[in-house]
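[1] Okay, predicted coordinates and the sequence, questions at the end:
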Amino acid sequence: MMYYSRPTMLGVLGVCFLGLLLCLPNFMRAPSPKLPWHQIHLGLDLRGGSYLLLRIDQQSLVDDRLQSLEDQAKQALIEKNLGYRDFRKDDTARTLSFLPRDASEAQASLAALSSVTGTGNEVAASLEHDRLVLTLNQTALKARAREAVSQSIEIVRRRIDATGAVDPEITRQGDDRIVVELPGISDPEHIKRLLGTTAKMTFRLLASSAGGNIAPPGATMLPDLSAGDTLLPVMDHVEVDGAALTNAGATIDQQTGEWAVSFSFNRAGASAFARTTTQNVGRRFAIVLDNKVIEAPVIRTPITQGNGQITGNFNAQAATDLAVMLRAGALPAPLAVIEQRSIGPSLGADSIRAGAISLGIGFVLVILFMAFFYGRFGLYANVALLANLVLMTAILSLFEATLTLPGMAGMLLTLGMAVDANILINERIREEVKRGRTPLAAMQAGFERASSTIIDSNATAFLAHVMLFVFGTGPVRGFALTITIGIVTTLFTTMLLSRLLMVRWYALTRPTELPV
């Protein structure tokens, strides 16, 4: 119990030395040769930055679902040689209705729609006053909205990561909101433009003819950005979906010398693109982004290689942003910024200073307390306490964790918990000395009696803070992370390092009484 073999002693000291090395990058500049240089990142409240609260447009989800439902219904009816007329969408009631070509086809049309409604309860079909009505289920729409938020979080993360932002925090809030924290970014306008664009790209043919600003059946008038927002009759049917894109990048057009965006499709997208351009040579092919035509070139020859290029009066930033959005994927619905806050770097510096002062004062007071009440063993506890702080910082640096004000509070609380463990050990040793035990027996009994209490209390605290980290958000996670790491380092420094220092002192001096 009170004996350390040489390998064990070297192992404990080696862990402490490694922790010291891992702490150094936080206080030094990275060397010019690229080395693994892991540092703790400062959170929004320490570094300054921007806070954005985004809300997903649920009405847009309903509109998109009704549009896709209309396309599916028309396709199902055509396959059964059934006609339709007077399609109507009611976004408020979440219904899609139409009249059959002939009243005698009503029941056959209702049966044909079974392929649209499926076996689930998302869509219900009924016959009301000679009109066939498809109704979206509210519960299914809520589930779709929650899924859309989860998908949006991943897309937002990919878009922000592509800008080079360091350690952004992106979390869900409620059923339809997303919180974005951007440390170090005091002007988030560029990020807002990236996140405010759905980037839903489609490739559609232009209608063959149109009268003025009135679109022919099956088409919609959309603004043409390349021609001063004039309106173009774009077919509603999507020939190639932008979801089939596999890559996109900003490039220079070799013919004009202007900025452009090159793209490439997956196998299914390339096949659809080749088929469309082969069958429609001579027609205009619109590239539509968020219901706006970027450009509508004429198909001169079939494009069968599965790649292409978008031009449209881009500058370098606009081309790069569009490429980023296309690579990240389209948002399932638009995101609106409903709250924005900025924290200046001066406020962050003040927070760091205040947190460091509180941590330093607390640490000094604890050291004085331990040295005054427990003498030499109190000094050994202080060494273990300093090692505890070093190891916590080392682990946070190794995983490049984000340190926030609650995290700094967690570090200070961890030091208090570590002091409690050392006090338990020293008090138990004192009790054994009063009972008349020899110094070695008193040390051994003191550690044995205190160990179970220390392990039990720290194990329950560890489990509680793991749950806080798993289910918490924002500041709660930062606090729980530092406490969880601190519990592990506390057990190591208290049960191994403190004991090692005491054992080595006893082996060298062989005292007749203990200084406790």
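    It's in.

[2] going forward, measure contacts between C-alpha atoms and count neighbours the same way
    Fine.

[3] In the protein, what helix or strand scores lowest on average pLDDT?
    helix 44-47 (a mean of 74; mean pLDDT, DSSP states H and E).

[4] Now do the helix or strand just after that one, average pLDDT.
    Downstream of helix 44-47, the first helix or strand assigned by DSSP states H and E is strand 49-56. Taken as a whole, strand 49-56 has a mean pLDDT of 86.

[5] partners of strand 49-56 in the sheet?
    With DSSP bridges as the test, strand 49-56 is paired with strand 177-183 (antiparallel), strand 335-343 (antiparallel).

[6] list the helices and strands the following helix or strand past the last one packs on?
    Beyond strand 335-343 in the direction of the C-terminus, DSSP H and E gives the next helix or strand as helix 345-398. Packed against helix 345-398, as judged by 3 or more CA pairs under 8 Å, 6 or more residues apart in numbering; DSSP states H and E, are the following elements: helix 6-23, helix 44-47, helix 405-434, helix 475-492, helix 498-509.

[7] circling back to that earlier point, list just the one of the strands paired with strand 49-56 that sits closest to Thr277.
    Judged by CA to CA, the one of the strands paired with strand 49-56 that comes nearest to Thr277 is strand 335-343, at 33.5 Å.

[8] Distance from that closest one to the middle of the chain?
    17 Å (CA atoms, centre = their mean, to the nearest Å).

[9] which residues of this structure score low on pLDDT?
    Scanning the chain for pLDDT under 70 picks out 1-3, 30-36, 118-120, 209-212, 229, 312, 344-349, 351, 474.

[10] Residue nearest the middle of it, spatially speaking?
    Ile170 (4.2 Å; CA atoms, centre = their mean).

[11] what about that one, is that helix, strand or coil?
    strand (DSSP: H, G, I helix; E, B strand; the rest coil).

[12] Touching, it and Arg177? I think so.
    No. Shown here, Ile170 and Arg177 do not form a contact pair, counting by CA atoms under 8 Å, at 10.7 Å.

[13] circling back: which of the strands paired with strand 49-56 is buried the deepest?
    Mean neighbour count, computed with mean count of other CA atoms under 10 Å, is highest for strand 177-183 among the strands paired with strand 49-56, reaching a mean of 24.

[14] if I look at the nearest residue to Val156 once chain neighbours are set aside, how far off is Leu127?
    Nearest non-adjacent residue to Val156, counting by CA to CA, 6 or more residues apart in numbering: Leu195, 6.6 Å away. Separation of Leu195 from Leu127 (CA to CA, to the nearest Å): 42 Å.

[15] neighbour count winner among these two?
    The residue with more neighbours, out of Leu195 and Leu127, is Leu195; 23 against 16, by other CA atoms under 10 Å.

[16] how about the more buried one, what does it touch?
    By CA atoms under 8 Å, 6 or more residues apart in numbering, the contact list for Leu195 reads 156, 159, 335.

[17] Going along the chain, name the strands of the stretch 51-200 of the chain.
    Under the criterion DSSP state E, counting those that start in this stretch, the stretch 51-200 of the chain contains strands at 84-90, 95-100, 123-128, 131-136, 169-173, 177-183.

[18] now for the fifth one, which elements pack on it?
    For strand 169-173, the elements it packs on are helix 138-162, strand 177-183, judged by 3+ CA pairs under 8 Å, 6+ apart.

[19] Phe263 looks like it's in a strand, true?
    Yes. Under three-state DSSP, Phe263 sits within a strand.

[20] In contact with it, which residues are there?
    Here Phe263 is in contact with 245-249, 307-310 (CA under 8 Å, 6+ apart).

[21] Distance-wise, check it relative to Phe203.
    13 Å.

[22] Tell me how many other residues surround the nearest residue to Gly306 once chain neighbours are set aside.
    Leaving aside its sequence neighbours, Gly306 sits nearest to Ala270 (CA to CA, 6+ apart; 4.1 Å). Neighbours of Ala270 under the rule other CA under 10 Å: 20.

[23] Can you list the buried residues in the helix or strand containing Ala270?
    Per DSSP H and E: Ala270 is located in helix 267-279. For helix 267-279, a neighbour-count test (16 or more other CA atoms under 10 Å) marks 269-278 as buried.

[24] Of these, which is the nearest to Thr490?
    Gly269 (56.3 Å).

[25] just checking, that closest one touches Asp241?
    Yes. Gly269 is within contact range of Asp241, at 7.4 Å (criterion: CA under 8 Å).

[26] isn't Pro188 right up against Ser50?
    Yes. Judged on CA under 8 Å, Pro188 makes contact with Ser50 at a distance of 6.6 Å.

[27] Compare these two (neighbour count), which wins?
    Higher neighbour count among Pro188 and Ser50: Ser50, with 21 against 18, using other CA under 10 Å.

[28] contacting residues for that one?
    By CA under 8 Å, 6+ apart, the neighbours of Ser50 are 44, 181-188, 340-343.

[29] Mind doing that once more with 6 Å?
    Residues counted as contacts of Ser50 (CA atoms under 6 Å, 6 or more residues apart in numbering) are 181-182, 185-186, 341-342.

[30] between those residues, which is nearest Ala450?
    Of the contacts of Ser50, the one sitting nearest to Ala450 (CA to CA) turns out to be Glu181, at 43.4 Å.

[31] List the contacts of the closest one.
    50-51, 168-169.

[32] Report the beta-bridge partners for it.
    Bridge pairing for Glu181 - DSSP bridges - gives Tyr51, Glu169.

[33] ok, back up a step: quick one: strands adjacent to the helix or strand following the helix holding Ala270?
    Of the helices and strands lying after helix 267-279 in sequence (DSSP H and E), the nearest is strand 285-289. Paired strands of strand 285-289, with direction, are strand 201-205 (antiparallel), strand 292-295 (antiparallel) (DSSP bridges).

[34] Next secondary structure after the last one?
    Looking back up the chat, that one is strand 292-295. Scanning forward in sequence from strand 292-295 by DSSP H and E, the next helix or strand is strand 307-314.

[35] Which strands or helices does that following strand pack on?
    Where contact means 3 or more CA pairs under 6 Å, 6 or more residues apart in numbering; DSSP states H and E, strand 307-314 is packed against strand 259-265.

[36] redo that, cut-off 10 Å
    strand 245-252, strand 259-265, helix 267-279, strand 292-295, helix 316-328 (3 or more CA pairs under 10 Å, 6 or more residues apart in numbering; DSSP states H and E).

[37] ok, back up a step: turn the strands of the stretch 51-200 of the chain into a markdown table, columns for distance to Thr490.
    Converted to a markdown table, those look like this (distance: least, CA to CA, whole Å):
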| stretch | distance to Thr490 |
| --- | --- |
| strand 84-90 | 62 |
| strand 95-100 | 61 |
| strand 123-128 | 57 |
| strand 131-136 | 56 |
| strand 169-173 | 28 |
| strand 177-183 | 30 |
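
[38] hey, which of those is tucked in deepest?
    It is strand 177-183: most buried of the strands of the stretch 51-200 of the chain by mean count of other CA under 10 Å, with a mean of 24.
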